[in-house]
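> Structure for the following, please:
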Amino acid sequence: VHAHDWQVAPVMWDDLLTAKKAFTIHNLEYGADLIKGAMEKTDFGTTVSPSYAEEVANHGSVRDMQHKFVGIINGIDTNIWDPMESRFLPMNYDELNVVAGKAAAKLELQKRLNMAQRDAPMAGVVSRLVNQKGIHLIMRACWRTLEMGGQFVLLGSAPDGNIQNQFNNLAHEAEQRYPNQVRMVFQYDEPLSHLIYAGSDMILVPSMFEPCGLTQMIAMRYGAVPVVRRTGGLRDTVFDVDDDQARAAEAHVEVNGFSFEGTDEGALDYCLDRAIQYWFNDREAWNNLAINAMEQDWSWTCPAQDYIDMYYNAIYKSI
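Have a look, this model is predicted:
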């Protein structure tokens, strides 16, 4: 029996006769006491990335269960998120024609959102607007992208009215200062999200913490270069072009994006500046970076095998 997160943690407390138990933690910010009870009873526990497992190792819910606690990165549904098949794009594409495909998507995105139709680096954000996602850094990224001569598009909304008002004001002020260079859509719109992933040159994910994160993996599937804060699953999937060659080699992948560690605006600026300058200074290298990202496999194939191996160990071996 495999249960996920605090909502169903009590299932692990019951005597399930001969069945082995597996429990996966998706976010330790919620239901810690319930999770601790589940972790004490489960045969093995996982969370959704190796780095997040390390970050929470001293949390009271898992501290005493390290012998049976590991991180396995999530995967994305590559049937839903497939630029070669998506009906929401003006042109389907893969890594062989990514340049043409993304150019067509960018133009369609600019038209649909009434943005200036020009050749400029497009930075996109697709996110819930909550503190976990680094809202102060998202707001700073908007201004910095525009200052650097780029365009900025955001899709998402805030459940907190005060945060939503801050973004409403940001959208108004940014449009006044940079007419037709920025658009923010405060609603859920999956078709538009496909177009943003395809039409953006880079996708920003400056989370304060991120157990796994799917946004950066979907972005790479669409040839959008991730610009992320180095935490949790973002660290495990994004390898900085300047700093992570050795780490990427250990993971058997190519470098694929830009990352930073701090939580201040200066750290974001330095990272975003590097990405935008890379786009302006060497378009061929940028296109190759997009191809590298597209060629990487962030599907469920490898994670599923990891889970199968653990099921086998739980049944046939002692943990």
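> the helices in the stretch 1-150 of the chain, which residues?
With DSSP state H, counting those that start in this stretch as the criterion, the stretch 1-150 of the chain has helices at 32-41, 50-55, 98-112, 135-147.
> Same question for the stretch 201-319 of the chain.
Going by DSSP H, counting those that start in this stretch, the stretch 201-319 of the chain shows helices at 215-221, 232-237, 245-250, 265-281, 283-295, 301-316.
> could those helices go into CSV alongside mean neighbour count?
(C-beta placed from N, C-alpha, C; glycine too.) Below are these laid out as CSV (neighbours: other C-beta atoms under 10 Å):
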stretch, mean neighbour count
helix 215-221, 26
helix 232-237, 26
helix 245-250, 13
helix 265-281, 18
helix 283-295, 18
helix 301-316, 13
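> Same list (those helices) but as TSV, adding distance to A105.
Shown next, in TSV, are the helices of the stretch 201-319 of the chain (distance: least, C-beta to C-beta, whole Å):
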stretch	distance to A105
helix 215-221	13
helix 232-237	22
helix 245-250	27
helix 265-281	16
helix 283-295	12
helix 301-316	26
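> Looking at those helices, spot the one closest to R140.
Of all those, the one in closest proximity to R140, counting by C-beta to C-beta, is helix 265-281 (4.6 Å).
> now that closest one, how far from the chain's geometric center?
18 Å (C-alpha atoms, centre = their mean, to the nearest Å).
> quick check: angle from it to helix 283-295?
110 degrees (axes from the mean of the first three to the mean of the last three C-alpha atoms, to 10 degrees).
> neighbouring contacts of helix 265-281?
Contacts with helix 265-281, where a contact means C-beta atoms under 8 Å, 6 or more residues apart in numbering, come from 121, 123, 136-137, 140-141, 144-145, 148-150, 201-202, 204, 206, 225, 227, 229, 241-242, 258-262, 285-286, 289.
> Just the buried ones out of those residues, please.
Buried members of the contacts of helix 265-281, scored by 16 or more other C-beta atoms under 10 Å, are 121, 123, 137, 140-141, 144-145, 148, 150, 201-202, 204, 206, 225, 227, 229, 241, 258-260, 286, 289.
> Save the helices of the stretch 1-150 of the chain as JSON lines, and put in distance to P211 and mean pLDDT too.
JSON lines is the format used below for the helices of the stretch 1-150 of the chain (distance: least, C-beta to C-beta, whole Å; pLDDT from 0 to 100):
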{"stretch": "helix 32-41", "distance to P211": "12", "mean pLDDT": "95"}
{"stretch": "helix 50-55", "distance to P211": "5", "mean pLDDT": "98"}
{"stretch": "helix 98-112", "distance to P211": "29", "mean pLDDT": "98"}
{"stretch": "helix 135-147", "distance to P211": "18", "mean pLDDT": "98"}
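> Distance to F167 added to those, as a markdown table?
Below are those laid out as a markdown table (distance: least, C-beta to C-beta, whole Å):
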| stretch | distance to F167 |
| --- | --- |
| helix 32-41 | 30 |
| helix 50-55 | 27 |
| helix 98-112 | 19 |
| helix 135-147 | 7 |
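> Rebuild the helices of the stretch 201-319 of the chain as JSON lines, extending it with mean pLDDT and distance to I35.
Converted to JSON lines, the helices of the stretch 201-319 of the chain look like this (pLDDT from 0 to 100; distance: least, C-beta to C-beta, whole Å):
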{"stretch": "helix 215-221", "mean pLDDT": "98", "distance to I35": "24"}
{"stretch": "helix 232-237", "mean pLDDT": "98", "distance to I35": "17"}
{"stretch": "helix 245-250", "mean pLDDT": "96", "distance to I35": "30"}
{"stretch": "helix 265-281", "mean pLDDT": "98", "distance to I35": "31"}
{"stretch": "helix 283-295", "mean pLDDT": "97", "distance to I35": "33"}
{"stretch": "helix 301-316", "mean pLDDT": "93", "distance to I35": "18"}
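> So for V1, which of the helices of the stretch 1-150 of the chain sits nearest?
Among those, the nearest to V1 by C-beta to C-beta is helix 32-41 (10.9 Å).
> D82: neighbour count?
The local packing of D82 (other C-beta atoms under 10 Å) involves 16 other residues.
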